[in-house]
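Trainee: Generate a structure from the sequence data that follows.
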Amino acid sequence: MIILDVNKVSKSFGFGNILNEVSFSINEGEKLGLVGNNGTGKSTLLKIIAHIEKQDNGTISIKKDAKVEYLEQGDIADSKSGLCRDILYSAFENLNEMELALKNYESKMSSVLDSNELNSIIEKYSNLLEKFTRLGGYEKDLQLDIVLNGLNIDRNLLNREFSSLSGGERTLINLAKILLSKPDLLLLDEPTNHLDITRIEWLEKFIREYKGSVIIVSHDRFFLDKTIQKVIELESGKTKIYYGNYTDFVIQKENEEVKEFQIYKVQQRKFDEMEKAIKRLKEWGKMADNPTFFRRAKAIQSNLDRLRENAIEKPKEKTEYPINFKSYGRGSNEVVKIKNLSLYAGNKKLLENSNCLILNGEKVAIIGDNGTGKSTLINEIISNSNPSIVVGSNQKIAYLSQIIEFVDKKQSLLEYFIYETGLEEVISRSVLYNFQFFKKDVSKRVGALSGGEKLRLKLAILLQKEINLLILDEPTNHIDIETREVLEDTLSKFKGTLIFVSHDRYFINKLANKIIEFHNHKLYSFQGDYDDYFNTRDKIHSIKL
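Mentor: This next block holds a predicted model:
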């Protein structure tokens, strides 16, 4: 049965429709992924479904009495008040009301003497008790523990004011509350933001086993592969439906594009032949001074004009950009050697007597739960001041942090690039063009750039430097899938040693040939990509180091 029907929904913010007669439906229990580049209206559509935004035209029909919950993207506002514990227990609002009613019935039963009235109360009490039990009224604390453990939420947060939490902590509490409320329709906008791999894997399992319907907006392709059964693509304000997970969608999309281009080429050949026929007929008409040829040419021209009105446009082709890193030479074979490293953040122990080795040319993904010390280790490698960390000789390091800031935010993109690289303007414009900064783009102020634009600009600058060791900290944070693919393609061409911190398993699988994991204050090394790590981690963890 259909739980949600979106029918010809349009929305404009004053500069043309961001949504243009969008239509689709979702069945009970169905898991759906909403995909598209940044700015295509995915979050707007979720807000319209959740009745936070109002559409200009069209209708949103939700099954009667269906409960809808929405997890917004980004940092959750501190508009919620009260202790986190109370906010989480508010997810059981209906159960709490039933529990209060049961207590009232119990009180009445102990004081009512009239047998008829007592029998009536007992019947109402029994019916409500059955419903309360069926809906999990006696399992509230168990359900709370399951979600708190799965999302690895510190119990100390429960007694804190929600407004005192960090953005990431607010997101965790809000996500926990929404999951506990068990809505019929769950709307998740970038739910893996602020989550480490352990939490994401738990959330994947939760969604797969969830009885309700789910719509997910996410740039985490691995997460989408594990959770969804259908894809709705938003492009140019319109939607198209694909069946399967994200990988199935990519294959179907590529096949469609190939077919469309073949149809386009056949169409263009037919148009060329018709134009040649028109030209020949006109020439023959002149030579023979025969109006019949001109009439035939006119008829073909009319047919050609009609066909062109209904012709398909030329499909967009992916542009390949000539991107190459400058080489600084090979350097030593042992790029980073860690021996008996103990690492602390204040009084918090991060690592104890840990060892690992990174060799020349390896592509190394550093993974682990949030707060285990990944970024701290990266900073220690870059500073090269810890006696337990030896960076090999002749290593020219370039580093891209997860937070990209600019000293002078009023500088134009082009000015900043020239300042950082020392290249002439003509060459600078050419390089920036290769990173998809076209014409007016180079005049943007760096302070107004999106996350993806900042990343591409920094990468373009790094490419102009002679490096053989590239270190990245969470490079895929806050960038869309298209930009992630550009980044993957760029980094795959890097011939030196690559070290990167990431929770993006799809990204890790594309690039890594070695995994270094933070686990129980130790460093564990795995050869291969994320899938190889996943299949062997339990066995390796069981081996005492």
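
Trainee: Any regions of this protein where pLDDT drops low?
Mentor: By pLDDT under 70, the weakly predicted segments of the chain are 74-80, 112-113, 317-329, 543-545.

Trainee: can we see that at 50?
Mentor: Across the chain, nothing is flagged by pLDDT under 50.

Trainee: so after the longest helix that it contains, what's the next helix or strand?
Mentor: Longest helix of the chain, by residue count under DSSP state H: helix 246-288. Counting by DSSP states H and E, the element after helix 246-288 in chain order, helix or strand, is helix 291-309.

Trainee: quick revisit: now the longest helix of the chain against helix 291-309, angle please.
Mentor: Helix 246-288 runs at 160 degrees relative to helix 291-309, counting by axes from the mean of the first three to the mean of the last three CA atoms, to 10 degrees.

Trainee: dump the residue contacts of E106.
Mentor: By CB atoms under 8 Å, 6 or more residues apart in numbering, the contact set of E106 is Y125. C-betas here are computed from N, CA, C, even on glycine.

Trainee: ditto for K124
Mentor: Listed by CB under 8 Å, 6+ apart, the contact partners of K124 are Y105.

Trainee: Check the spacing between it and K410 real quick.
Mentor: 69 Å (CB to CB, to the nearest Å).

Trainee: Who are the contact partners of the residue nearest the centre of the chain?
Mentor: What sits nearest the mean C-alpha location of the chain, by CA atoms, centre = their mean, is H219, with 1.9 Å. Contact partners of H219, counting by CB under 8 Å, 6+ apart, are 190, 476, 479-481, 484.

Trainee: count of residues packed around L45?
Mentor: A count of nearby residues for L45, using other CB atoms under 10 Å, gives 29.

Trainee: Check the one 5 residues further on too.
Mentor: Each residue near A50 was counted by other CB under 10 Å, and the total is 19.

Trainee: Over to it: give its phi and psi.
Mentor: Dihedral pair for A50: phi -80, psi 0, per degrees, to the nearest 10.

Trainee: Name the SS class of the residue lying closest to it once chain neighbours are set aside, please.
Mentor: Here the nearest residue to A50 in space, its sequence neighbours aside, is Y70; by CB to CB, 6 or more residues apart in numbering that works out to 3.8 Å. Three-state secondary structure (criterion: DSSP: H, G, I helix; E, B strand; the rest coil) places Y70 in strand.

Trainee: quick one on the thing from earlier: who wins for neighbours among the contacts of H219?
Mentor: Of the contacts of H219, T476 is surrounded by the most neighbours, 25 neighbours in total, counting by other CB under 10 Å.

Trainee: Could you report the distance from that one to S342?
Mentor: 30 Å.

Trainee: for I48, same thing?
Mentor: Here I48 is placed at a distance of 53 Å from S342 (CB to CB).

Trainee: In terms of neighbours, single out the busier of the two.
Mentor: Using other CB under 10 Å, the more surrounded residue of I48 and S342 is I48, with 21 against 13.

Trainee: Surely the more buried one is within a helix?
Mentor: Yes: I48 sits within a helix when classified using three-state DSSP.

Trainee: Once you drop chain neighbours, what's closest to it?
Mentor: I48 sits nearest to Q55 (CB to CB, 6+ apart), 5.0 Å away.

Trainee: in stretch 348-368, what's buried?
Mentor: Under the neighbour-count criterion of 16 or more other CB atoms under 10 Å, stretch 348-368 has 350-351, 354, 356-358, 360-368 buried.

Trainee: rewinding a little: what residues are up against the residue nearest to I48?
Mentor: Q55 is in contact with 9-11, 19, 48, counting by CB under 8 Å, 6+ apart.

Trainee: Between all of these, which two are at the greatest distance?
Mentor: Using CB to CB, the contacts of Q55 span at most 10.1 Å, a distance reached by S10 and I48.

Trainee: joint contacts of those two?
Mentor: Here S10 and I48 have 19, 55 as joint contacts, going by CB under 8 Å, 6+ apart.

Trainee: Pretty sure P191 sits in a strand.
Mentor: No: read with three-state DSSP, P191 is coil and lies in no strand.

Trainee: Can you tell me how far it is from L100?
Mentor: Taking CB to CB, one finds P191 at 32 Å from L100.

Trainee: What segments of the stretch 401-545 of the chain are strands?
Mentor: In the stretch 401-545 of the chain, the strands defined using DSSP state E, counting those that start in this stretch lie at 469-473, 497-501, 514-519, 522-527.

Trainee: and the ones you listed as JSON lines, adding mean neighbour count and distance to I404?
Mentor: Below are those laid out as JSON lines (neighbours: other CB atoms under 10 Å; distance: least, CB to CB, whole Å):
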{"stretch": "strand 469-473", "mean neighbour count": "23", "distance to I404": "10"}
{"stretch": "strand 497-501", "mean neighbour count": "23", "distance to I404": "15"}
{"stretch": "strand 514-519", "mean neighbour count": "22", "distance to I404": "24"}
{"stretch": "strand 522-527", "mean neighbour count": "17", "distance to I404": "27"}
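
Trainee: Please produce CSV containing these, extended by distance to L95.
Mentor: As requested, these are exported to CSV (distance: least, CB to CB, whole Å):
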stretch, distance to L95
strand 469-473, 43
strand 497-501, 41
strand 514-519, 38
strand 522-527, 42
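
Trainee: Surely L463 is in contact with T421?
Mentor: No: if you go by CB atoms under 8 Å, L463 and T421 don't touch, sitting 9.2 Å apart.

Trainee: who has more neighbours, the two?
Mentor: Between L463 and T421, counting by other CB under 10 Å, L463 is the more crowded of the two (20 against 17).

Trainee: ok, so what distance separates the more buried one from E485?
Mentor: Distance, L463 to E485, using CB to CB: 17 Å.

Trainee: Is the residue nearest to the centre of the chain located within a helix, as I assumed?
Mentor: No: in this structure, H219 is coil, not part of a helix, as judged by three-state DSSP.

Trainee: how close does it sit to Y506?
Mentor: Between H219 and Y506 the computed distance is 10 Å (CB to CB).

Trainee: which residues do the two both contact?
Mentor: Shared contacts of H219 and Y506, counting by CB under 8 Å, 6+ apart, come down to R484.

Trainee: hmm, who's touching stretch 433-450?
Mentor: The contact list for stretch 433-450 (CB under 8 Å, 6+ apart) reads 38, 321-323, 406, 408-414, 416-417, 429, 432, 453-454, 456-457, 459-460, 486.

Trainee: and stretch 372-386, which residues are buried?
Mentor: Using 16+ other CB under 10 Å as the test for burial, stretch 372-386 gives 372-378, 380-382, 386.

Trainee: now do stretch 493-510
Mentor: The neighbour-count check on stretch 493-510 (16+ other CB under 10 Å) flags 494, 496-510 as buried.

Trainee: end-to-end on that stretch?
Mentor: With CA to CA, to the nearest Å applied, stretch 493-510 spans 12 Å between its terminal residues.

Trainee: One more: stretch 30-42?
Mentor: 18 Å.

Trainee: Using neighbour counts, pick out the buried residues of that stretch.
Mentor: Buried, per 16+ other CB under 10 Å, within stretch 30-42: 30-36, 38, 40-42.

Trainee: Of those residues, just say which sits nearest to T59.
Mentor: G41 (17.1 Å).

Trainee: I figured the closest one hits L234, correct?
Mentor: Yes: applying CB under 8 Å, one finds G41 in contact with L234, separated by 5.7 Å.

Trainee: Common neighbours of those two, please.
Mentor: Counting by CB under 8 Å, 6+ apart, the shared contacts of G41 and L234 are 19, 22.

Trainee: for the stretch 51-200 of the chain, what spans make up the helices?
Mentor: With helices called from DSSP state H, counting those that start in this stretch, the stretch 51-200 of the chain shows them at 84-89, 93-109, 115-134, 140-150, 167-180, 197-209.
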